[in-house]
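J.: Structure, please.
(2 chains)
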Number of protein chains: 2
Amino acid sequence: MKKFEEKTVHSTEIYKGKVVTLTVDDVILPNGKPSKREIIHHPGAVAIIPITKDGKIVFVEQYRKALERSIVEIPAGKLEPGEEPAVCARRELEEETGYGAKELTYIQSFYTSPGFANEIIHLFVAEDLYKIEEKRESDEDEFVSIIEATVEEAEEMVKTQQIYDAKTAFSILWVKLNKM
Amino acid sequence: MKKFEEKTVHSTEIYKGKVVTLTVDDVILPNGKPSKREIIHHPGAVAIIPITKDGKIVFVEQYRKALERSIVEIPAGKLEPGEEPAVCARRELEEETGYGAKELTYIQSFYTSPGFANEIIHLFVAEDLYKIEEKRESDEDEFVSIIEATVEEAEEMVKTQQIYDAKTAFSILWVKLNKM
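T.: Numbers count the residues shown, from 1 in each chain, chains lettered A, B, ... in the order given. This next block holds a predicted model:
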């Protein structure tokens, strides 16, 4: 897994933020030449495909400042330092949807933007859902609304670009292949 | 698409790089409270699912400095300023794999990390491939090797974490659903 390795000569931290850290790394390429790489460091995240008893997927709609628009996604959230992905998945599911899950199953993990960021998403499917009585407090800067939709309805939302997000696009195909 | 809009009060450019630009935006949340958003601006990209006449997917293996390891992905690359995604898709396919495509079909687009970045990927499927005689020059800082694999072999590579990338994970499911 080190094929074509780029050795780091020096790493300069440009910015350390609440969510991301940016470094610019001086590297030596496999052909011996020097180059620079701009790297975004991210704590990692989880995403959850919640499936209701009648086979609908629970999505959240939220404003994404990076896009200057709201989009519809599966519930997701950043890992707290040291937090187990499965613990984070239950927390985010409850915070964002008000659902708990009797069954939470790990699917797979993937990097989202390996060209410039180390963000990894751990993906789970949540089934046997129940409404929790006292909804957990959301993050104070998070405003979401819930949309429950069949796979066919979700595919319509892809066409109309309401769903416009890689992890969510993957999840719709995954449900089609594994739960229908 | 402006639900829960966060109004920008001020945007500070922290870093303008070759690939990414980082701004920190002061915003007003829907509840009237101030907050900050760290935003990565990216030129956008294309990715291509090349399918050979015998039904194999053509992948590229390359070192990803952000991950400090090499991974196996479908071919992809950044848009040049003003470049049409379909033109970029043909260019990247030829540069990275040495294949041209008689048929190039747009599938869909998605954001990769909407929580902090505006990177969008436009995804294409490339079929009726032919080897080009004079391989295009790759980007000078890009080193890739080619792997042709069936869907079953690709699913094995997901399990062993050689494939560990959202667009590629999506693409494997897409081929399974649409080309098998």
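
J.: going forward, measure contacts between C-alpha atoms and count neighbours the same way
T.: Will do.

J.: Mind jotting down where the strands sit in chain A?
T.: A:7-16, A:21-28, A:34-41, A:45-50, A:57-64, A:69-73, A:76-78, A:99-111, A:120-131, A:144-149 (DSSP state E).

J.: Among those strands, which comes closest to residue B:159?
T.: strand A:99-111 (8.3 Å; Cα to Cα).

J.: what angle separates that closest one from strand A:45-50?
T.: 130 degrees (axes from the mean of the first three to the mean of the last three Cα atoms, to 10 degrees).

J.: tell me which residues of strand A:99-111 are tucked away?
T.: For strand A:99-111, the neighbour count (16 or more other Cα atoms under 10 Å in any protein chain shown) marks A:99-101, A:104, A:109-111 as buried.

J.: what packs against that strand?
T.: Using 3 or more Cα pairs under 8 Å, 6 or more residues apart in numbering or on different chains; DSSP states H and E, the elements in contact with strand A:99-111 are helix A:85-97, strand A:120-131, helix B:166-178.

J.: Adding distance to residue A:143, mean pLDDT and mean neighbour count, write those out as JSON lines.
T.: What follows is the helices and strands packed on strand A:99-111, written out as JSON lines (distance: least, Cα to Cα, whole Å; pLDDT from 0 to 100; neighbours: other Cα atoms under 10 Å in any protein chain shown):
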{"stretch": "helix A:85-97", "distance to residue A:143": "9", "mean pLDDT": "97", "mean neighbour count": "21"}
{"stretch": "strand A:120-131", "distance to residue A:143": "19", "mean pLDDT": "97", "mean neighbour count": "20"}
{"stretch": "helix B:166-178", "distance to residue A:143": "25", "mean pLDDT": "98", "mean neighbour count": "19"}
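
J.: Contact partners for residue A:172?
T.: A:151, A:154-155 (Cα atoms under 8 Å, 6 or more residues apart in numbering or on different chains).

J.: same thing but 10 Å
T.: A:49, A:57, A:74, A:150-152, A:154-155, A:158, B:170, B:173 (Cα atoms under 10 Å, 6 or more residues apart in numbering or on different chains).

J.: List the residues that contact the residue lying farthest from the centre of chain A.
T.: In chain A, the residue that sits farthest from the middle, by Cα atoms, centre = their mean, is residue A:32; the gap is 35.9 Å. Residue A:32 makes contacts with A:6-7, as judged by Cα under 10 Å, 6+ apart.

J.: Any stretches of chain A with poor pLDDT?
T.: A:135-138 (pLDDT under 70).

J.: would JSON lines of the helices and strands packed on strand A:99-111 with distance to residue B:123 be doable?
T.: Below are these laid out as JSON lines (distance: least, Cα to Cα, whole Å):
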{"stretch": "helix A:85-97", "distance to residue B:123": "28"}
{"stretch": "strand A:120-131", "distance to residue B:123": "20"}
{"stretch": "helix B:166-178", "distance to residue B:123": "8"}
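
J.: Any idea which of those gets closest to residue B:81?
T.: Closest among the helices and strands packed on strand A:99-111, using Cα to Cα: helix B:166-178, at 22.2 Å.

J.: quick check: angle from the closest one to strand A:120-131?
T.: Going by the same axes, to 10 degrees, helix B:166-178 makes 60 degrees with strand A:120-131.
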